[in-house]
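Asks: got a structure for you, letters missing:
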């Protein structure tokens, strides 16, 4: 049975490979679509350079992607509203994937990164 809630964890690091964080930064998770990208959440960075998002499958549905369950995800970091980092798009993230051996749900949590923020 497909799940209705998904979790995404992203890890960011600075040019030296240390955790990238600060209260002035916001990380936004987006789903790229043909016409309008869906905002799935916006959070502050944790001190370990991670950002965690929980969102509903209904948040990836839109007029240009009805019934979508495999979002094309990307991350955007802003500092006081100004873009300082944009990740590449991660195409068709499948939260409903099953383990090929056990047939059980693989995981409803997906982890990405580390992303190197140099700006």
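Replies: Arrived safely, thanks for sending. Values in this document were obtained by computation on a predicted structure and should not be read as measured data. Numbering: from 1, shown residues only.
Asks: use CA for all of it now, contacts and neighbours both
Replies: Will do.
Asks: how about the most centrally placed residue in the chain: what's its closest non-neighbour residue?
Replies: In the chain, the C-alpha nearest the mean C-alpha coordinate belongs to residue 29, at 4.4 Å (CA atoms, centre = their mean). Using CA to CA, 6 or more residues apart in numbering and skipping the chain neighbours, the partner closest in space to residue 29 is residue 75 (4.8 Å).
Asks: that neighbour reaches residue 30, doesn't it?
Replies: Yes - in this structure, residue 75 is within contact of residue 30 by CA atoms under 8 Å, at 6.3 Å.
Asks: can you give me the strands in this structure?
Replies: With DSSP state E as the criterion, the chain has strands at 5-13, 25-31, 38-44, 50-56, 73-79, 82-86, 109-116.
Asks: looking at these, which is buried most?
Replies: Neighbour counts (mean count of other CA atoms under 10 Å) averaged over each of these peak at strand 25-31, with a mean of 21.
Asks: pairing partners for that strand, with directions?
Replies: Strand 25-31 has the following strand partners under DSSP bridges: strand 38-44 (antiparallel), strand 73-79 (antiparallel).
Asks: roughly how far apart are residue 47 and residue 109?
Replies: 20 Å (CA to CA, to the nearest Å).
Asks: likewise residue 92?
Replies: Taking CA to CA, one finds residue 92 at 15 Å from residue 109.
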